[in-house]
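Asker: kindly generate the corresponding structure for this input.
(one chain, ligands or ions: 1)
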Amino acid sequence: MTSITKCIEQVRKRIADAAIRAEREVSEIQLLAVSKTRSANDIRVAAASNIFNFGENYLQEAQEKISQVCLPGLKWHFIGRLQRNKTQQVANRFDWVHSVDRIEIAKRLSMHRDIQLPPLNICLQVNIDDEVTKSGFKIKELSDTVEQVIELPQLVLRGLMAIPASKTAEIDQRKSFSRLRHAQAEINNRLDSRDKLDTLSMGMSQDLESAILEGATIVRVGSDIFGPRLKATTN
Ligand SMILES: *Cc1c(COP(=O)(O)O)cnc(C)c1O
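Answerer: Take a look at the predicted model:
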């Protein structure tokens, strides 16, 4: 067994244990393997353990790997900071974008998404701890933003995503995730049933248990699957 295979088993066990603590069905929680900086071969190894969803942060790196991996049934999620001049390629290469952090990006993704393709799944990124170094909407901006985004024809607004400030104590981690859960509930109160948000993309290697306890439906795990990141890549 390769170490990636073993690590995936361990992460799945953590997800299952957290689901039990949270009294949730484990099937509600999707594991997104964050493969930034990792090789196409590492992705194939993970796919052999029935990982079908992969997260990438850098367009150029992702494009190369998407064409190299070439396995049917994989879903690609863009989770990195998105520049406006990259929206056309991201809109058509990926199945999901978790990191929509301004309305202009949402409009451009919708405009560029090929009408032959199903609408692009998106999450709005929320700057949940109001950090100057992080992008994302403020909670109080969400209501107006949601109203505009649900009108965009080639997008499906699935939910909210956050990368909280790094904290070690579970109680502190849960506070940030709980804010995201409440923001989603408040939005859903006002949406028609067909528009309701079903996704909370939150939780990474360090804090996936806390995220699951607060309702995460997608956890994004990189280093605890693939090991420490190899190199910094850029766009
Ligand atoms: C890199 C990254 C992850 C994975 O982080 P790990 O700590 O390696 O699990 C998750 N989400 C986003 C947005 C990332 O950039």
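Asker: so where is this protein shaky, pLDDT-wise?
Answerer: Filtered on pLDDT under 70, the chain yields the residue ranges 230-235.
Asker: how about the residues of it that lie near the ligand?
Answerer: Residues of the chain that fall close to the ligand, judged by C-beta under 6 Å from any ligand atom: 34, 36, 57, 79, 163, 204-206, 220-224. Every C-beta, even on glycine, is put in place using the N, C-alpha and C of the backbone.
Asker: change it to 8 Å
Answerer: Within reach of the ligand by C-beta under 8 Å from any ligand atom, the chain has these residues: 32, 34, 36, 55, 57, 79-80, 98-99, 161, 163, 204-206, 220-226, 229.
Asker: among these, name the buried ones.
Answerer: Applying 16 or more other C-beta atoms under 10 Å to the residues of the chain next to the ligand, the neighbour count classes 32, 34, 36, 55, 57, 79-80, 98-99, 161, 163, 204-206, 220-222, 224-226 as buried.
Asker: what segments of the chain are strands?
Answerer: Under the criterion DSSP state E, the chain contains strands at 30-34, 53-56, 75-78, 96-100, 120-126, 155-162, 199-201, 218-221.
Asker: now those in CSV, with distance to residue 12?
Answerer: Shown next, in CSV, are the strands of the chain (distance: least, C-beta to C-beta, whole Å):
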stretch, distance to residue 12
strand 30-34, 7
strand 53-56, 13
strand 75-78, 18
strand 96-100, 21
strand 120-126, 23
strand 155-162, 22
strand 199-201, 18
strand 218-221, 10
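Asker: to residue 193, which of these lies closest?
Answerer: Ranking those by proximity to residue 193 (C-beta to C-beta) places strand 155-162 first, at 14.1 Å.
Asker: please name every helix or strand in contact with the closest one.
Answerer: strand 96-100, helix 103-112, strand 120-126, helix 142-149, helix 170-190, strand 199-201 (3 or more C-beta pairs under 8 Å, 6 or more residues apart in numbering; DSSP states H and E).
Asker: only alpha carbons, please: show the fourth one as CSV.
Answerer: In this case it means helix 142-149. Output of helix 142-149 as CSV, limited to C-alpha atoms (Å, rounded to 0.1, in the frame of the first residue of the first chain):
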residue,chain,number,x,y,z
LEU,A,142,-23.7,38.1,1.4
SER,A,143,-27.4,38.8,1.1
ASP,A,144,-27.0,41.3,-1.8
THR,A,145,-24.4,39.1,-3.5
VAL,A,146,-26.6,36.0,-3.3
GLU,A,147,-29.4,37.9,-4.9
GLN,A,148,-27.3,38.9,-7.9
VAL,A,149,-25.5,35.5,-8.3
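Asker: how far does that helix sit from the chain's center?
Answerer: Remark: helix 142-149 is offset 19 Å from the chain centroid, using C-alpha atoms, centre = their mean, to the nearest Å.
Asker: same question, the longest one
Answerer: Put simply, helix 170-190 sits 16 Å off its chain's centre (C-alpha atoms, centre = their mean).
Asker: and that helix, what does it pack onto?
Answerer: Short answer (3+ C-beta pairs under 8 Å, 6+ apart): helix 170-190 packs on helix 142-149, strand 155-162, strand 199-201, helix 208-213.
Asker: save the ones you listed as a markdown table, and put in distance to residue 191 too.
Answerer: Shown next, in a markdown table, are these (distance: least, C-beta to C-beta, whole Å):
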| stretch | distance to residue 191 |
| --- | --- |
| helix 142-149 | 8 |
| strand 155-162 | 9 |
| strand 199-201 | 13 |
| helix 208-213 | 23 |
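Asker: what residues does the residue in the chain positioned nearest to the ligand make contact with?
Answerer: Nearest residue of the chain to the ligand (C-beta to the nearest ligand atom) works out as residue 222 at 2.8 Å. Counting by C-beta atoms under 8 Å, 6 or more residues apart in numbering, residue 222 touches 33-36, 55, 204-205, 229.
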